[in-house]
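Student: After the sequence you'll find the predicted model.
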Amino acid sequence: MLILLRLIHILFGVFWAGTAMFNAIFLIPAVRALGPAGGPVMQEIAGKRKLPVYFLVAGLLTVLSGFGLYWHDSQGFTNGFMRSAGGMTFGIGAVLALIAVLLGIFVVTPAAMRTGKLGAEIAAGGKPPTPEQAAEMQGLQVKLGKMAMVAAGLLTLTTIAMAVGRYVS
């Protein structure tokens, strides 16, 4: 069971953190630079391919498997592991990941799904977006850009904490 938890934690954590960094550094800035032409890209990624759902599932599986690993290492949250430097490093990483997953649930996923839907509405109209649609799309892209940077930062720090936690004394 421990091996399975570690595999889930590492594989889904790599996907989650890597996707967050890719989105923040490459995807969202490119979509914003394309202006209205970025709508079909977001529609494909968010609407049809459901990236926000995969992203959120990866985050939840990472956090839940990490919880299981932490529970194991601390022997049910009862030993001194939680007060050790390594235990506290893992704990800090866990808190940062939890903040990132909560942002994903309550901010990023709804905004990404709305961006995909709005892109579909614009495409279905067969003409340029209305001023209202363009303003909403721009606002959503700004929000996603900011949240992408926050999530990427949180998950970068989380990844660092998880990478060094066993070696901190």
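Tutor: Cool, the structure landed. Numbers count the residues shown, from 1 in each chain.
Student: need the next SSE after the host helix or strand of residue 69, C-terminal direction.
Tutor: Using DSSP states H and E, residue 69 sits within helix 51-73. With elements assigned by DSSP H and E, the helix or strand that comes after helix 51-73 is helix 85-103.
Student: between that following helix and helix 51-73, what angle do the directions make?
Tutor: Here helix 85-103 runs at an angle of 150 degrees relative to helix 51-73 (axes from the mean of the first three to the mean of the last three Cα atoms, to 10 degrees).
Student: now helix 85-103: mean pLDDT?
Tutor: For helix 85-103, mean pLDDT is 96.
Student: what's the answer for stretch 138-146, then?
Tutor: The model assigns stretch 138-146 a mean pLDDT of 89.
Student: So which bits of it are buried?
Tutor: Neighbour counts over stretch 138-146 (16 or more other Cβ atoms under 10 Å) mark 140-141, 143-145 as buried. Where you see a C-beta, it was placed from the backbone N, CA and C, and this is true even at glycine.
Student: residues contacting residue 158?
Tutor: 17, 93-94, 96-97, 100 (Cβ atoms under 8 Å, 6 or more residues apart in numbering).
Student: so how far is residue 103 from the closest residue to residue 51 other than its chain neighbours?
Tutor: Closest residue in space to residue 51, ignoring its immediate chain neighbours: residue 45 at 4.8 Å, by Cβ to Cβ, 6 or more residues apart in numbering. Distance, residue 45 to residue 103, by Cβ to Cβ, to the nearest Å: 19 Å.
Student: Good, we can wrap up now.
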